[in-house]
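In: The following comprises the amino acid sequence and a computationally predicted model.
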Amino acid sequence: MVRVYLHDVTKVFSKSVIALDHVELEVKSGEFMVVMGPSGHGKTTLLRITAGLEEPTDGDVWIGDKLVASARKGVFIPPKDRNVGMVFQNWALYPHMKVFDNIAFPLRIKNMPRQEIEKKVKEVAEVLGIAETLDRYPRQLSGGQQQRVAIARALVKEPQVLLMDEPFSNLDARVRVMARAFVKDIQRRLGITTILVTHDPADALTLADRIAVLRRGVVQQIGLPSEVYDKPFNIFVANFIGDINLIEGFIESNGPGVLFNGGDVKIPLSEKLLEALDERSSVVLGIRPEDIVLSREELQVGDGLVNVGRGVVEISEFAGGKFNVMVRMSGIELKVVSSSSFGIGDQVNVYFNMNKIKLFNKSTETLIYG
């Protein structure tokens with residue numbers, strides 16, 4: 001097992017296209033790192049630079065204790081000498097080759113003896129549960145099986161690092177859930193250092209030991225899934241890692257206390273906020289859909305639950321054990337995840353869990369409370 005370290009890595013394709021901007025990222029030995037970001041914001045470029053398919057414009061790339069790329073020092077180790085396995089978004093299987101030959105391909109390039117190739121291919125196929133497919137062509141396999149063949153081909157050469165570029169994007173929803181669990185189990189069993197890139201929060205939250213969020217080639221935040229979800233560094237991260245309701249407003253005094261004034265939503269806040277905020281500070285309040293409670297009747301508040309007013313249900317969709325509800329409070333629309341069913345047009349009381357609210361500076365969009 002080895003660590004991967006990108007130190008101050010920049011990749012410029014042209015004056016107007018900066019794919020990576022001074023990226024600092026350390027992936028610990030045996031860690032499952034998920035890199036998130038919108039399409040075109042540098043995720044795949046980061047993988048390709050790690051694999052050796054692209055050269056950094058600036059900065060250093062280390063795999064273990066070996067410097068594999070450095071523009072400043074004139075170092076560039078080609079992909080074949082980095083001992084890295086890569087699984088592409090489209091899996092890139094050879095349609096004219098049977099599964100056995102697809103998996104064996106990287107070993108044949110190394111001129112490995114035939115008996116050793118057969119042994120290694122059968123071993124990895126057994127581990128991945130595709131031993132019975134070795135004599136088939138890719139077109140005869142399901143999407144999930146094809147993905148396993150691609151992973152087998154990456155693992156058969158026993159790489160130090162596994163790189164995965166949107167590996168679940170071609171799978172339907174049911175298979176995708178199973179594939180995530182499978183990949184996580186294999187990574188745990190083999191203990192291989194892994195970097196997976198995705199734009200899907202579900203991939204990141206279920207798979208990652210840690211998450212790195214990229215925006216326009218700049219690392220916004222690196223942390224545990226729970227840290228990135230519960231304490232996002234800024235509004236971009238909060239929005240990208242999951243649904244969040246955002247309400248613009250300002251802070252004002254409310255007698256001895258402090259009040260968030262969002263127009264139709266006014267919420268008493270902790271006096272501790274006075275230490276971080278001035279009166280009339282412009283802020284954005286964020287609260288996730290699962291931290292809002294709806295009720296036709298008034299509830300007894302407590303444990304951080306605060307009534308913020310009444311609203312009208314505009315949308316109510318059953319989503320298997322829960323309901324996705326949209327509530328309008330005058331000019332504000334709120335997404336809510338509820339365990340109760342509501343009809344369109346229902347008048348409801350809206351409660352926020354104040355232990356879960358987040359406040360962002362309106363001008364910088366960075367988190368200041370929560």
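Out: Structure's in. What do you need?

In: which stretches of this protein have low pLDDT?
Out: Under the criterion of pLDDT under 70, the regions of the chain flagged as low confidence span 256, 271-280.

In: Could you chop it up by domain?
Out: The chain is divided into the following domains under automatic domain parsing: 4-240, 245-369.

In: In JSON lines, list these along with mean neighbour count.
Out: For the C-beta atoms, the positions are set from N, CA and C on the backbone; glycine is no exception. Listed next are the domains of the chain as JSON lines, based on neighbours: other Cβ atoms under 10 Å:
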{"stretch": "domain 4-240", "mean neighbour count": "18"}
{"stretch": "domain 245-369", "mean neighbour count": "16"}
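
In: Find the nearest non-adjacent residue to residue 110, please.
Out: Nearest-residue entry for residue 110: residue 157, 7.4 Å, with adjacent residues in sequence omitted and distances by Cβ to Cβ, 6 or more residues apart in numbering.

In: So that neighbour sits against residue 106, correct?
Out: Yes: with contacts counted by Cβ atoms under 8 Å, residue 157 reaches residue 106, the gap being 4.8 Å.

In: what's the spacing between the strand or helix carrying residue 7 and its chain's center?
Out: Applying DSSP states H and E as the criterion places residue 7 in strand 4-14. On the basis of Cα atoms, centre = their mean, to the nearest Å, strand 4-14 sits 20 Å off its chain's mean C-alpha point.

In: What of stretch 245-265?
Out: 32 Å.

In: What is the end-to-end distance of it?
Out: Stretch 245-265 stretches 12 Å from its first residue to its last (Cα to Cα, to the nearest Å).

In: can you check stretch 19-36 too?
Out: In terms of Cα to Cα, the two terminal residues of stretch 19-36 are separated by 14 Å.

In: again, but for stretch 156-173
Out: Distance between the boundary residues of stretch 156-173 (Cα to Cα) amounts to 28 Å.

In: Check stretch 106-120 too.
Out: The stretch stretch 106-120 measures 11 Å between its terminal residues, going by Cα to Cα.

In: How about stretch 323-342?
Out: The stretch stretch 323-342 measures 8 Å between its terminal residues, going by Cα to Cα.

In: who touches that stretch?
Out: Residues from elsewhere that reach stretch 323-342, judged by Cβ atoms under 8 Å, 6 or more residues apart in numbering: 243, 245, 247, 262-265, 289-290, 292-296, 308-318, 321-322, 348, 350.

In: again with stretch 221-238
Out: Stretch 221-238 is contacted from outside by 25, 204-205, 208-213, 215, 220, 241-242, 244, 246, 284, 286, 356, 358, 360, 364-367, 370, using Cβ under 8 Å, 6+ apart.

In: Which elements pack onto the longest strand anywhere in the chain?
Out: Across the chain, the strand with the greatest residue count (assigned by DSSP state E) is strand 305-318. Judged by 3 or more Cβ pairs under 8 Å, 6 or more residues apart in numbering; DSSP states H and E, the packing partners of strand 305-318 are strand 266-269, strand 323-329, strand 347-353.

In: now it, how far from the chain's geometric center?
Out: 29 Å.

In: Direction included, what does that strand pair against?
Out: Strand partners for strand 305-318, identified by DSSP bridges, are recorded as strand 323-329 (antiparallel), strand 347-353 (antiparallel).

In: With distance to residue 270 added, can I get the ones you listed in JSON lines?
Out: Shown next, in JSON lines, are those (distance: least, Cβ to Cβ, whole Å):
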{"stretch": "strand 323-329", "distance to residue 270": "23"}
{"stretch": "strand 347-353", "distance to residue 270": "13"}
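
In: Sweet, I'm off.
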